[in-house]
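Colleague: With the sequence up front, the predicted model follows.
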Amino acid sequence: MKMQSNNKRRAARVRATLKRGADRLRLSVYRSDAHIWAQIIDDTKHVTVAAASDIGLTGTKTDKAKAVGAKIAEAASKIKATTIVFDRGSYRYHGRIRALAIAAREGGLKF
């Protein structure tokens, strides 16, 4: 029960900081036990602009997260998006989430 409330508090805290960057695109990350997804969302138009996942990739989970970060950065460069807001949801900035973020930054995204 306590873990669920901690996750909800963390998610609320992250959402509160996202409101400051409401004029920018948002890089949202979803992580399951086996896979990771990332999508760039335009909240003003309520539309997903670009998306990437690790479905079909091989390697460790961290390697897959790095590949997804590179894919999403490449997709963002195609739509000429350079500055975004990183929405990690209720996930801690650790492990696969951190690997994805670092790879996206190396690909040219700023957040």
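Modeller: Structure received. Numbering: from 1, shown residues only.

Colleague: Model confidence at the residue nearest to A52 when sequence neighbours are not counted, what's the number?
Modeller: Counting by CB to CB, 6 or more residues apart in numbering, A52 lies nearest to K71, which is 3.8 Å off, once chain neighbours are set aside. C-betas here are computed from N, CA, C, even on glycine. Looking at K71, its pLDDT stands at 97.

Colleague: Only the buried residues of stretch 98-111, if you could.
Modeller: R98, A99, L100, A101, A103, A104, G107, L109, F111 (16 or more other CB atoms under 10 Å).

Colleague: and those as TSV, adding pLDDT?
Modeller: TSV is the format used below for the buried residues of stretch 98-111 (pLDDT from 0 to 100):
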residue	pLDDT
R98	97
A99	97
L100	97
A101	97
A103	97
A104	96
G107	94
L109	94
F111	86
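
Colleague: count of neighbours near the residue nearest to A52?
Modeller: Using other CB atoms under 10 Å, K71 has 21 neighbouring residues.

Colleague: isn't there a helix covering it?
Modeller: Yes. Under DSSP: H, G, I helix; E, B strand; the rest coil, K71 falls within a helix.

Colleague: That one reaches G56, doesn't it?
Modeller: No. Taking CB atoms under 8 Å as the definition, K71 is not a contact partner of G56, at 11.4 Å.
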